Each structure stands twice: as C-alpha cells, then as structure tokens.
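Enquirer: Sharing a model prediction with you, sequence too.
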Amino acid sequence: MASAPSETAAPAARPAARSGPFSAHKILIAGGFGSGKTTLVGSISEVRPLRTEETLTTASVGLDDLSGVDGKTTTTVALDFGRITLGLNVALYLFGLPGQERFSFMWDELSYGALGAVVLADVRRLSDCFPSVNYFEALRLPFVVAINCFDTAPRYETDEVRAALDLGPGVPVVLCDARDVASVKQVLIKLVETISYSRSRT
Amino acid sequence: MTVPPGDRWRPRGSGPVVRPYAVTGGRTEPAHGELLDLVAVVVATGQPVTAEDRMRQTPEHRAIITLCDSYVTVADLAADTGLPVGVIRVLLADLIAHGAVSVAPKRPASQRTETDVLQEILNGLRAL
C-alpha cells in the first residue's frame, strides 16, 4: 500500500487501522437544544472532537460578538461526531445536527448523502423538534422520532407524540434512553429497518 | 495542525495557535474537483510524487498521507489531525491532484447492492 514514512508523528489517539476498503454511511442525530444528541452519540459510538469552519452569516448577529474583529468571516463549530464500526466492511458515522437555529445553514451539507436520521424529542419541549421533523419530511429522508425518556419528564404514549407531531404513517416513534447503549441500538435498528422499507417501495 | 507529544504547556482552552486556513495558504476552496463528502473514504496510493509536488507539501499534507496509509474517511482525518473539515478538504484536494491519495469506490466489491449494504448494517447493529 502506501510507502509513507512511519516516523511522521501520528496522533496518539489514532484508531485501529483498517486493512481494506470499507463503506462509510452517514446517520444524522437531530433534535432541539438539550434533547440528548451528544449523550446518544457518546453512548453508542467512539467519539472524537470534530471541528468545522463555517462562514458567518447574519444569523449569528447579536449572538457571536464580532466587535473589534471586523475581518472575521468564519467561525469554528464543534460537531457531535461518532463512529460505529460494524465488521470489516461497514462503518456508521453519526453526526449531530446543531440544534440552534443559527446553525441551520449547516444542515444541508451534513445531510448530503445521509442514509437517515434520528430526531430526539423531549416531551417537555416537543416543539423544539418541529424544525428537524419539517426538514427531513421536506428532504424525504427516512427518519425515526425517538422520545428521550428523561427521569423527570412526564410519560406519554408514543401515539400521543405521533399525533402531536402530525407524523405520517411511515415514521416510527420509539421510546429511548439516550444514555443506554442497548436502547440506542434499538433506535438505530428501527431506523435502518425504516430505511430498508422506504427504499423497497421506491 | 498536529500537536507534537512534547508540547504539553499549551492550555487546552487556548484554541489553535495557527489560524485554520493559514495551513492552506489562505485557500478555503479545494483547487480541483468537487467537494469531498464527510464520509468519503480515501487512501494513500503509495505512488511517488514529483519532486516539485513534494517540495510544496506541508507537514499537514504529510500527516494526512501517513493517516491515509489505511482507508480512512474525511471526517476521521479531521478528527485525527484536529484540523477543521474545510481545511482537510483543501489539503486532500492537493494530494489527490499530486496522485498521492485517491478516493476509494463508494462500495467495496463484497457489497453488491444497496439492499446488501443495509442488511450488513442491520446484522452489524444486532451483533453489537
């Protein structure tokens, strides 16, 4: 393969090397601010910090203080980013969509080529996930709504949440605990099943 | 920019010492070709590059070539080097133009169809 000199300093945190080609697939984790996206990504995948430089838009006016740095046109955004290695040939990459509205310009790029999405919902602030639901519906991207069962939140039936979000029949609603790897795994399995089903019909 | 192991005295919160696009010579767009997806898989070709191209390579270019020793995604490269995704894209485009790195086919030969891929993902998740 490559004959690059091995003495070039490789970062200590370098993950296990892959010997062969593999296919990498993107899954988006969306939801309002504080809905548990970071927790979910961290509970099931190997996480590392991922930075991206984004062009500043007027959306950040009043939020990002630019006084005295008039020439600054980009800003660093940290993304939730995790990898799940599935055997030798396949890896899933989870990307958190920044929840705040001022970062919504990044959604298009992150969504490009994605297999599907998980929308995390907090029943105490259900309206926070409306933008994500609307976005994926418009994009016709398969998604599941996962109700993150916070300890202090009231319990609702999934049907009640489905009705409140006015979801189509093709969108599953599941309960989950973003801290629990087994629970998150079930959410991802449901998502991949949903993706398979939607592909088989098109 | 990779932080050398001996560089222990820089506070974590101080941010990068070099402005991100300084390592690309101020370029924010890749020189050739389309924007590489975050999960595009790249690999070093192992082919020798011309002396001129080698001269132009920065330490960041060389760090990327080393990381591309095995198949790796654009997002992995950004996380491994600590460089922003946009910077990685610019540097990768240089290396692809030099012939030092190539983009791997989207799907390995072992996976024949989209259905196979989804089934493989499902099997893998269930086995976690």
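Expert: Everything's here; your move.

Enquirer: Quick check: pLDDT value at A:Ser67.
Expert: For A:Ser67, the pLDDT comes out at 51.

Enquirer: Taking chain A, what residue is nearest to chain B?
Expert: Relative to chain B, the nearest point of chain A is A:Leu86 (2.7 Å; CB to the nearest CB). C-beta here means a position set from N, CA and C on the backbone, and glycine is covered the same way.

Enquirer: Contacts only, for that residue.
Expert: A:Leu92, B:Glu120, B:Ile121, B:Asn123, B:Gly124, B:Leu125, B:Ala127, B:Leu128 (CB atoms under 8 Å, 6 or more residues apart in numbering or on different chains).

Enquirer: What about those residues, which are in strands?
Expert: The strands, defined by DSSP state E, take in A:Leu92 from the contacts of A:Leu86.

Enquirer: Write a PyMOL command that selects only the buried members of the contacts of A:Leu86.
Expert: Restricted to buried positions by 16 or more other CB atoms under 10 Å in any protein chain shown, the PyMOL selection for those reads:
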select buried, (chain A and resi 92) or (chain B and resi 120+121+124+125)
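
Enquirer: Report the buried residues of the least confident helix or strand in chain B by mean pLDDT.
Expert: Scoring the helices and strands of chain B by mean pLDDT, DSSP states H and E places helix B:51-56 at the bottom, with a mean of 88. Residues of helix B:51-56 classed as buried by neighbour count (16+ other CB under 10 Å): B:Asp53.

Enquirer: Can you tell me the closest non-neighbouring residue to the closest residue to chain A within chain B?
Expert: Shortest chain B-to-chain A distance, computed as CB to the nearest CB: residue-wise this is B:Gly124, at 2.7 Å. Excluding its sequence neighbours, the residue lying closest to B:Gly124 (CB to CB, 6 or more residues apart in numbering or on different chains) is A:Leu86, at 2.7 Å.

Enquirer: Please name the bridge partners of that neighbour.
Expert: A:Val90 (DSSP bridges).

Enquirer: who's in contact with the top helix by length along chain A?
Expert: As assigned by DSSP state H, the longest helix anywhere in chain A is helix A:181-200. Identification of contacts with helix A:181-200 by CB under 8 Å, 6+ apart yields A:27, A:40, A:43-44, A:84, A:92, A:115-118, A:142-144, A:146, A:170-172, A:174, A:176-178, B:114-115, B:118-119, B:121-122, B:125-126, B:128.

Enquirer: Pull out the buried residues from stretch A:107-117.
Expert: A:Trp107, A:Leu110, A:Ser111, A:Ala114, A:Leu115, A:Gly116, A:Ala117.
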